[in-house]
Every structure is written in structure tokens, then in C-alpha cells.
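>>> With the input below, show me the fold.
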Amino acid sequence: MSACSPKAATRGRAARFAAAPIAAPIAAPLAALALLAAGVAGCSGHTPQGQVVAVVNNQEITYQDLNAEARAEGQGAPADPKILLQKVISRVLLAQEAKNQGLDRNPAYPSDLKRLEQTLLADKLVQSTLKPPRQPAEAELQALMDAHPNIFKDHARIQLLETPLPAGIDVKSVQNLESMDALVLRLKELGSPVTPQSKTVDSADLDPGLAQKLASEPQGSLFLLQGQAQGQGMTVAIVVQAQTPEPLPDDAAHALAARLFAQQQTAAQIQAQVQRLKAAANIQYQPKFEPQQTNPGAAANAAAKPAGG
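The predicted model follows:
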């Protein structure tokens, strides 16, 4: 049998590749692919071998890269490592083309890259230090549900008609109007025509105070949401056209409350860790960037919003 035959090459390299560390989600398929590649690699100096599974324009892609891709995919990672490899190759090609076009020389690139690195490291720290959230008491779950009726008993789909007020419009000139038609007419007279847009929102995605405001407004009446109320830094004219109640069944509400409780516990751990690190750190601010006092309730409301639906 020729030393360059697939069978001989495979036997000669099997032990070396079997010892390579492979992440659990794709271990078996990647090991098989390694042996297949090894059987061909011995006969050509240009064929990727060892821990290198592909070379794209002289840039190597390794088993570690595939393992990283599998970790990023999580439970949704495809079983076939060749599919993962094609995803990595696509990203490599796009990144190479971006560099060819000089996009890595954009002034914002270094700070964006630094932010990505910091985010990755922070996530790894959180994953390594977080403790599993404790099981909540029934009274704690009920208190959470009572504090957020927009997510639970008053949950609804809300049909809105809305438009931001154009820049330069004095809110006082339109605040007493009672309908969207009247607003559109007034803004046209002022030389700032608008076209209101329909929008459906889930009450669970809203700040509890805003959800309560929308629920209390008479259908068809116009009201103005000013300033930072929607996080947009503008005034928005809104008409509630319809509300469809969708209260959660008891079992679904209980499961969601338990999930939100766990999210709050996790958020509290992270916040406590950040506070400990801040207390031990030497942080100096330019005067105008000195931190303001925060509202503890805002963080609680944010933590209580469902993550991932």
C-alpha cells in the first residue's frame, strides 16, 4: 500500500488528531473531518492539515475557530462542521474585503474594536462568576406580577396612530387639539406637514407608566408624549385607536414571573459586582462628565421587562 494512499495517511495521523481538544457540540463531526483531511494532506503541500481546516487567501481557519463558532451558535449550532466552516469562511471573506476597502482605517474602527473586546471580556467574567438565581417564594412572584400589570393581568396589544412633531414646532400651539386630524391640519397650516403612521405595540414592552397612560386614554383622543418619555428626545403625538386585552393564563404568567425574577436576580448580581469594582477603582472624571444620581426604580423596571419574548 502506498504511503500516500488515503488509508495509510489516515492511520499514520489518527492518533495525533484524536488528541486535539474539540468543543462538545461538534466534537465527533470535527474529528471525522480531521481524519478525512489528514488522509489527503500528506500528498500535497498546499492542502490544509493538522489543526488548519481551511485557508482563505492565505488566512488560516482552525479547529479553534470552528469551536468558537459553535459556542457562539449555542444550541442552534448545526451538527455538520462543514456548515459552520462555510459561515466562518463567509465572515472571513467579508472582513478581508472590508480591509481591502480600507474600512479598518476608519477613525471609529479602533474604538469599536476596543468596545467589542471589552464586551467579550466582561461577558466571560459574568459567566464565570454568576451564581444560579435562588428560587422565589410565591409571594415574591405575586408581588412582581402586581408591580407590572402591563406584562401580566393588563397585558394588551395596543393599536396606535402616531407622528413626531417636526422640529421647531411650539408644543403649546398644538397641545389643546383633540384629534389627529386636527393636528395634521394645524401642522400643514404651519408649513410642517406630517403623515401619521399606524403602529401596534405590546404593553409588555413599554414602561409601566406609559402603558398605564395609554390604557387610560379615551379611544381616538390625541395626547402628546414629550421629551425623553419614549427615549427619543422628541415630542410624539399619539392616538390610541384600539386595545386588545391579552391577559396571560395563570400557568404562563407564573412561568414568566419566575423568569423575570431570575433576570432581576442576575441583574442584581452584576450590578453589585460593578459597584464593588467601582469602589476599588481609581476613576477620575472631567467635571462635566461627573455621574448624576440614578433612579433605582428605573433599573428595576428595565430588569422586569421580558428578555427574548
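
>>> On the pLDDT front, check Leu210 for me.
At Leu210, the model reports a pLDDT of 86.

>>> Sticking with Thr195, tell me its helix or strand.
For Thr195, there is no host helix or strand (DSSP states H and E).

>>> so it makes contact with Glu162?
No - with contacts counted by C-beta atoms under 8 Å, Thr195 stays clear of Glu162, the gap being 11.0 Å. Quick note: C-beta positions are derived from backbone N, CA and C, even for glycine.

>>> Next, find the distance separating the nearest residue to Leu130 once chain neighbours are set aside from Leu125.
Leaving aside its sequence neighbours, Leu130 sits nearest to Gln269 (C-beta to C-beta, 6 or more residues apart in numbering; 5.8 Å). Counting by C-beta to C-beta, to the nearest Å, the separation of Gln269 from Leu125 is 12 Å.

>>> Am I right that Leu161 falls within a strand?
Yes - applying DSSP: H, G, I helix; E, B strand; the rest coil, one finds Leu161 inside a strand.

>>> Quick check, it in contact with Pro196.
Yes - Leu161 is within contact range of Pro196, at 5.0 Å (criterion: C-beta under 8 Å).

>>> Which neighbours do the two have in common?
Overlap of the contact sets of Leu161 and Pro196 (by C-beta atoms under 8 Å, 6 or more residues apart in numbering) consists of 180, 239.

>>> Can you get me a residue count around Val194?
16 (other C-beta atoms under 10 Å).

>>> scratch that, Leu248
For Leu248, using other C-beta under 10 Å, the count is 17.

>>> Could I get the contacting residues of it?
151-153, 155, 256.

>>> Neighbour count for these - can I get that in CSV?
Shown next, in CSV, are the contacts of Leu248 (neighbours: other C-beta atoms under 10 Å):
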residue, neighbour count
Ile151, 25
Phe152, 23
Lys153, 13
His155, 20
Leu256, 20
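
>>> farthest pair in those?
Lys153 and Leu256 (12.0 Å; C-beta to C-beta).

>>> Point out where this structure drops to low pLDDT.
1-46, 227-233, 294-309 (pLDDT under 70).

>>> Can you show me the helices along it?
For the chain, applying DSSP state H gives helices covering 6-18, 27-41, 63-73, 81-100, 109-129, 138-147, 180-189, 208-216, 250-280, 296-304.
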